[in-house]
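**Student:** could you look at this predicted model? Sequence included:
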Amino acid sequence: MPQFLARTIKLIWASPYTLLGAVVGLLGLATGGGVQRRRGAIEFHGGAVRWLLERVPGIGGAMAMTLGHTILGQTPAALDIAREHEHVHVRQFERWGPLMGPAYVGCSLWLWLCRSGRPYRDNPFEVEAYNHDDCRGPAGHDRA
């Protein structure tokens with residue numbers, strides 16, 4: 001399959017989440033945030049994006065979060081720190097497409113209800129991302 005066609009299919013497959021991330025990012029831009037493009041993803045930071053990430057439920061806030069090909073970060077520095085981790089999630093969205101949200105939430109619920117695990121850090125999607133980045137965060141503290 002030609003590379004252009006494969007890339008287009010991945011973009012379309014992840015597009016429902018990319019659109020959601022873009023809406024949040026545009027809200028951030030409207031409230032003083034910024035935007036940049038890095039490695040095929042659109043990164044938004046600051047403004048309402050920062051406010052929302054500081055309040056991510058269940059994990060006490062997040063430095064960054066990925067939705068499709070959109071990465072939301074509290075600040076440009078947070079995006080620099082989290083970029084490798086978040087690009088693993090971009091590839092996961094390319095593989096899972098619209099099923100990513102239910103699969104991610106389902107894994108976390110299963111860990112929380114049935115396994116007494118850590119619903120965020122033990123989630124297989126996060127395990128894969130943390131295994132591919134160099135920023136594991138301080139002991140006992142997860143950075144999203």
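**Tutor:** Happy to help now that I have it. Numbering: from 1, shown residues only.
**Student:** Provide the backbone phi and psi angles at residue 123.
**Tutor:** Backbone geometry at residue 123, expressed as degrees, to the nearest 10, gives phi -60, psi 130.
**Student:** quick one, what contacts it?
**Tutor:** Contacts for residue 123 (C-beta atoms under 8 Å, 6 or more residues apart in numbering) come out as 104, 107, 108, 111. Heads up, the C-betas are built off the backbone N, CA and C, glycines and all.
**Student:** tell me the secondary structure for residue 36?
**Tutor:** When classified by DSSP: H, G, I helix; E, B strand; the rest coil, residue 36 comes out as strand.
**Student:** packing partners for the longest helix seen in the chain?
**Tutor:** If you go by DSSP state H, the chain has its longest helix at helix 3-30. Helices and strands touching helix 3-30, as assessed by 3 or more C-beta pairs under 8 Å, 6 or more residues apart in numbering; DSSP states H and E, comprise strand 34-38, strand 41-45, helix 47-53, strand 64-67, strand 70-73, helix 76-96, helix 100-110.
**Student:** closest to residue 117 out of the ones you listed?
**Tutor:** Residue 117 lies closest to helix 100-110 among the helices and strands packed on helix 3-30, at 8.5 Å (C-beta to C-beta).
**Student:** other residues contacting that closest one?
**Tutor:** Contact with helix 100-110 is made by 14, 17, 58, 92, 93, 96, 119, 120, 123, 124, 125, as judged by C-beta under 8 Å, 6+ apart.
**Student:** what's the distance between residue 113 and residue 119?
**Tutor:** Here the criterion is C-beta to C-beta, to the nearest Å. By it, residue 113 lies 9 Å from residue 119.
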